[in-house]
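Engineer: Quick check, what structure comes out for this input:
(chains A and B)
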Amino acid sequence: MSNVSKSPWVIHYDGSSCNGCDIEVLAALSPLYDAERFGVVNTGNPKHADILLVTGAVNAQNTEVLREIYDQMIEPKVVVACGICACSGGIFRDCYNVIGGVDQAIPVDVYAPGCAIRPETIIDAVVEGIGVLEEKRAKLAEARKGA
Amino acid sequence: MELIVSLIMVPCVAALLMLVVRVDKARDVLCVASAAVIALLSIAFAVQNLGAGSLYFDLPMEYSHFLAVVNIVIDITVGLYIVCYSVKYRRVLPLVLAIGQILTTLWFEYNIQREVQFESQMHVDSLGIIMVLILGIVGTGICVYALGYMKDFQAHHPEQKDRRPWFFALMFAFLSAMYNVVLSDNLCWIYTAWEVTTLCSFLLIGFTKTEEAINNAFRQIVMNMLGGLAFQAAILWLGLQGESRLFSEFLKTAANVAVADPAAAGVFVLPVALLAFAGMTKAAQMPFHTWLLGAMVAPTPTSALLHSSTMVKAGCFLLIKLSPLFLVFPVASAMVVLIGGLTFCLASFMAISQSNAKRVLAYSTIANLGLIVACAGVGTPEAVWAAIFLVIFHAVAKSLLFLCVGTAEHHIGSRDIEDMDGLFERMPRLARFMMLGIMAMFVAPFGMLVSKWATLASFASSGEVLLLVLLAFGSAATFMFWGKWFGKLAGIAAHEQNVELSVHKSEWFALALMAVLTAGACICMPTLSNLFVQPYLVVTYGALGANISVDNMYIMSIIALAVVVMLFGTLDMSKSKKKTVPVYMAGITVDSDERLFRGSLGGEVKATSRNWYMNELFGEKVLDKPATIVTAVIMVVGLVASLAGSQVGAENFVGTSLAMYMPLATMNEGLLQTLLGIVLFAIAGPVVGCLLAGLDRKITARMQGRVGPPLLQPYYDVRKLIEKDDVSVNTVEGTYITFALVLTVIGGGVFVAGGNFLMCVFLITLSALFFIVAAYSSRSPYSEVGADRETLQVMAYEPTVLFVAVCMFLALGTFDVAGVANIGLPMIVVCIPAFLALMFVLTIKLRKSPFDLSYSHHAHQELVKGVTTEMSGRTLAKVEVMHWCETTLFLGWVAMFFIWDNPVSIVLAVAVAALAFFLEIFIDNNFARVKWQKCLKWAWIVALVCGLANTAWLVFALIA
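Structural biologist: Numbers count the residues shown, from 1 in each chain, chains lettered A, B, ... in the order given. Coordinates of the predicted model:
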């Protein structure tokens, strides 16, 4: 286990969620679940974050915003789609303005379903994300060595 | 002797030739040639007379009468010239003053001087040599610069008649007069040359002949002629009393009589005060500072030559010469010290509110002159050592800055600091020169700050409580106004067009010369001290004045060299292979180079930011009037008291001026020891700090009813950050942060080694500056807000830290931390107020709520992270490590109060430090962030009350 997995800093973006999942994301970060036990810290700054938690589907308004946040994050980085809307558009997928899940805008690494998503699922997803993060880190380190 | 004559005559001849030459090419050649000759003569003169102590040169007696006539002719001509101008522009006051001056001169010549043989004696000592070198190298360098500048000036002002011959003639005539001021020993000659410099300044300020220029020129002449009249009155008084009118003779006699027979020294009370008054008008001290501000309408080389590096230094020169007398004439001393101190503090405050670069430079000049004046007024060898170094460094650094602003103005079309945004790329070389100049003005390891350090030490050792207060707050303001300008320059926004390709060669030459001198003077400070400054003090006082140990000066030299290399080594940013990423603007980036983004309201917005000016606190409107009134009252009281003292009860007006005198002890400042300290701190600082940071998070979690992260979590965070991709928003940010980290470690090392506490403080301040500049360099809106706030925080806590140092000195007799182990009782016993103040600002220094304005270590969820917004990966890791080191160091400062010669006390000290840290965590978790106004207000109130109370108490105890 490298240091990446001991210190996953997350950033949270609300796409067009009904707020159900947002509340759960924040609940998972509240003292009750004490995510800081695992080094999780909720940052507000994409340049500092490792894991992007997105709630809600993407639409024409927020695609670029999401992409901006994603681009601002420094490699290695992981995206977790939190809740069914973020995964696929959920019950809103047929709305005229909804494009679909988060993966329509940026690459998603972990899909965490639920309506609303439960805090336990979020924590599971983050742990899953840490694994992906680890892989990406290893790749980056190799690329660095090669260069 | 021939050298002296040629030093005065060559510029004189050059001035006359300048009037005749009308062709550009010929003028270039002539100007460069005369500048070279003058510079070489000055250097030859310095080499010849170096180390010779105090030398007198007599002109042959047969010339004496002729010279007396020349002197009086020049004097009268100057007067008539002013009369003519006053009539032409219908100004009454200058007319009256000029006529008064002419009449006094004639009366004096006819009645008193006639019987006396005109003494054409020249006097040279090390101070004179320093002034000659400044004039010969800096002065002529500026003349060369003026060649290119005036070409552009003429091109920018096509409506003006080409009066360049006149301009250059005045510049050289001025140099000649200045040589006369610093080399003559006859007061009448000094006075004449003094008036010539006033006139030259008058004509150069009015050079453009606009209404504003003429008004300002007349303001200058009125104020300086008041000083001139005081000078004349002093001569007259000495003449009437039958005293010698040789300056050196006067200084010697007055000092001897005052010591031997105070009652008989009444004769000298008034002339000392009058000469001090004259010096202060020339040095633009409040309430006469407005002439120097007005003088900024003159072409920039004039401002550089007359109004920063040389003419105003004539005033300082006179005051420094008088300083042995200030030791024994308390009224004059008090007047000079108070005016100088107030001027320093208030001018520094007002500089914050200015956005015009030349006005900032003007205020900073006034402030620094104030500091020099205050040092001269204190009069101890230590203070004079500091004053002379201030003169040297100010001359080179300020002329560098003026010349930079002049060149920038012609190429970006503005002298407003806001328009210098991104100069780092638009004029890469010039911006770095300017940054060097700015750093040289206000941070260690550069000259001005090292001199200020010496100043602080000398004020502390003579128990000048009020001056210490003024110095502490003035210095804090200095950090603010230089820091924000520095940040503006450092911003890197886009691949901007380089506009400095058309800068004239002569300008580059002068700029490079000043930059080399600035850097060189800083790096060679120990040598300068040994060769020039100490000899003067030995001759004048029979004592060495340096109160900064040579080892510390060497450390400063090394750091100065490193900073210069860093600044100019990063010149070509295109070579760097570092990957860069766009900045974060909390919107959709449209064009990162242009800082253009689409915000939540739609539409494209350009992110810009302006410096802070805090007009409601430090504006001219708020401060100028009270400052003028208070200083005017002090001057009037000083002069009236001196007049009274010369009439009755002289013994009450003569005697020692110093409240106390405590020599400075140094210990543990050796290079090797410091090096060991640095190694020790480099290991222990981060380790302890990391554990403390972990503990902090653990305790915070417990306070919220959580388990919290592992103790080593901060370490894991940093390791992770190092493993992140190595990118940043520009190629220099990482370098600045590395420097900041290294400086923190060196500062900590100095502390751990038991070295000089002030040195430690200054290194930490420099580190803070680099941290701030790294944020400014990103030119990102959120970083800049953080940087502004960090600058404010430094300004808020700086006075307290300086007070802690002063109290430490007063309690221990040394600024060295090792001193705490030599006392029978811990420092806390006599320094409770200072300790409380330190505890107060500790919250700011550790960036804990409620004072975590610039960025917070706890509020991770914050949308933007202030200073660190644009930092990522390794850079952020370095910031984190720096923060660990800072935590360790600051707790060390707290612990220092509880150590005495008992080894067990270390346990107590550690316990107290731990307690202080827990208290900080408690405060952090229980108070909400406040506005910056509150942070500044409370930090300063606490500093003022606690600092003043504690220093006054300690000084009082020492006297009693």
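Engineer: Okay, and the spatially most central residue of chain A sits in which element?
Structural biologist: To find the centre residue of chain A, average its C-alpha atoms and take the closest one (C-alpha atoms, centre = their mean): that gives A:Leu53, at 2.4 Å. Following DSSP states H and E, the helix or strand that holds A:Leu53 is strand A:51-55.
Engineer: Tell me who's in contact with the residue nearest to the residue nearest to the centre of chain A when sequence neighbours are not counted.
Structural biologist: In space, and not counting its chain neighbours, A:Leu53 is closest to A:His12: 4.7 Å by C-beta to C-beta, 6 or more residues apart in numbering or on different chains. (Each C-beta comes from the backbone N, C-alpha and C, glycine too.) For A:His12, the contact set (C-beta atoms under 8 Å, 6 or more residues apart in numbering or on different chains) comprises A:Asp22, A:Val25, A:Leu26, A:Asn42, A:Leu52, A:Leu53, A:Val54, A:Thr55.
Engineer: and which of those residues is nearest to chain B?
Structural biologist: The nearest member of the contacts of A:His12 to chain B, counting by C-beta to the nearest C-beta, is A:Asn42 at 4.7 Å.
Engineer: How many residues are close by the nearest residue to B:Lys452 once chain neighbours are set aside?
Structural biologist: For B:Lys452, ignoring the flanking residues on the chain, the nearest one in space by C-beta to C-beta, 6+ apart is B:Ser475 at 6.4 Å. Applying other C-beta atoms under 10 Å in any protein chain shown, we find 25 other residues in the vicinity of B:Ser475.
Engineer: Please apply the same query to B:Met61.
Structural biologist: B:Met61: 11 surrounding residues under other C-beta under 10 Å.
Engineer: pLDDT score assigned to it?
Structural biologist: Reported pLDDT at B:Met61 in the predicted model: 73.
Engineer: if I look at it, how far off is chain A?
Structural biologist: 80 Å (C-beta to the nearest C-beta, to the nearest Å).
Engineer: Next up, phi/psi of B:Ala641, please.
Structural biologist: For B:Ala641, the backbone dihedrals are phi -60, psi -40 (criterion: degrees, to the nearest 10).
Engineer: In this structure it contacts B:Ala650, no?
Structural biologist: No: B:Ala641 sits out of contact with B:Ala650 when judged by C-beta atoms under 8 Å, with a separation of 11.9 Å.
Engineer: just checking, what packs against the helix or strand harbouring B:Ala347?
Structural biologist: Element membership of B:Ala347 [criterion: DSSP H and E] is helix B:330-352. Contacts defined by 3 or more C-beta pairs under 8 Å, 6 or more residues apart in numbering or on different chains; DSSP states H and E place helix B:330-352 against helix B:266-282, helix B:311-326, helix B:357-378, helix B:465-490, helix B:615-618, helix B:620-647.
Engineer: host element of the closest residue to B:Phe268 other than its chain neighbours?
Structural biologist: Distances taken as C-beta to C-beta, 6+ apart place B:Ala254 nearest to B:Phe268, at 4.0 Å, with adjacent residues excluded. Here B:Ala254, judged by DSSP H and E, is contained in helix B:247-260.
Engineer: Need the residues that contact that helix.
Structural biologist: Outside helix B:247-260, the residues within contact range by C-beta under 8 Å, 6+ apart are B:54, B:56, B:123, B:184-187, B:190, B:238, B:243-244, B:264-265, B:267-268, B:271-272, B:321-322, B:324-325, B:327-329, B:654-655.
Engineer: Buried subset of these as a PyMOL selection?
Structural biologist: Of the contacts of helix B:247-260, the buried ones go into a single PyMOL selection, burial set by 16 or more other C-beta atoms under 10 Å in any protein chain shown:
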select buried, chain B and resi 123+184+185+186+187+190+238+243+244+265+267+268+271+272+321+322+324+325+327+328+329+654
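Engineer: Output the below-cut-off pLDDT ranges for the chain.
Structural biologist: You didn't pick a chain, so chain A it is. Applying pLDDT under 70 to chain A flags residues A:1-2, A:147.
Engineer: that's the wrong chain, I meant chain B
Structural biologist: Regions of chain B meeting the criterion pLDDT under 70 cover residues B:113-120, B:494-496, B:570-577, B:668, B:857-864.
Engineer: what domains does the record give for it?
Structural biologist: B:283-576+B:610-659, B:676-959 (automatic domain parsing).
Engineer: Output those as TSV; include the columns distance to B:Leu601.
Structural biologist: Written out in TSV, the entries for the domains of chain B read as follows (distance: least, C-beta to C-beta, whole Å):
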stretch	distance to B:Leu601
domain B:283-576+B:610-659	21
domain B:676-959	16
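Engineer: And residue 89, its phi and psi?
Structural biologist: Just going to use chain A. Taking degrees, to the nearest 10, you get phi 110, psi -20 for the backbone angles of A:Gly89.
Engineer: sorry, should have said chain B
Structural biologist: B:Tyr89 has phi and psi values of phi -100, psi 10 when expressed as degrees, to the nearest 10.
Engineer: Isn't it up against B:Ala217?
Structural biologist: No: taking C-beta under 8 Å as the definition, B:Tyr89 is not a contact partner of B:Ala217, at 9.1 Å.
Engineer: So the two - more neighbours on which side?
Structural biologist: Here B:Tyr89 and B:Ala217 are compared on neighbour count by other C-beta under 10 Å; more neighbours surround B:Ala217, at 28 against 15.
Engineer: Now that one: which helix or strand?
Structural biologist: Taking DSSP H and E as the criterion, B:Ala217 maps to helix B:211-240.
Engineer: A:Arg67 too?
Structural biologist: For A:Arg67, the element it lies in under DSSP H and E is helix A:63-72.
Engineer: Could you export that helix as PDB, keeping only the C-alpha atoms?
Structural biologist: As requested, the backbone C-alpha atoms of helix A:63-72 are provided in PDB (Å, rounded to 0.1, in the frame of the first residue of the first chain):
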ATOM      1  CA  THR A  63     -20.700  19.600 -18.700                       C
ATOM      2  CA  GLU A  64     -18.000  22.200 -19.100                       C
ATOM      3  CA  VAL A  65     -17.900  23.000 -15.500                       C
ATOM      4  CA  LEU A  66     -17.300  19.400 -14.600                       C
ATOM      5  CA  ARG A  67     -14.700  19.100 -17.300                       C
ATOM      6  CA  GLU A  68     -13.000  22.200 -15.900                       C
ATOM      7  CA  ILE A  69     -12.800  20.700 -12.400                       C
ATOM      8  CA  TYR A  70     -11.500  17.400 -13.800                       C
ATOM      9  CA  ASP A  71      -8.900  19.200 -15.900                       C
ATOM     10  CA  GLN A  72      -7.700  21.200 -12.900                       C
END
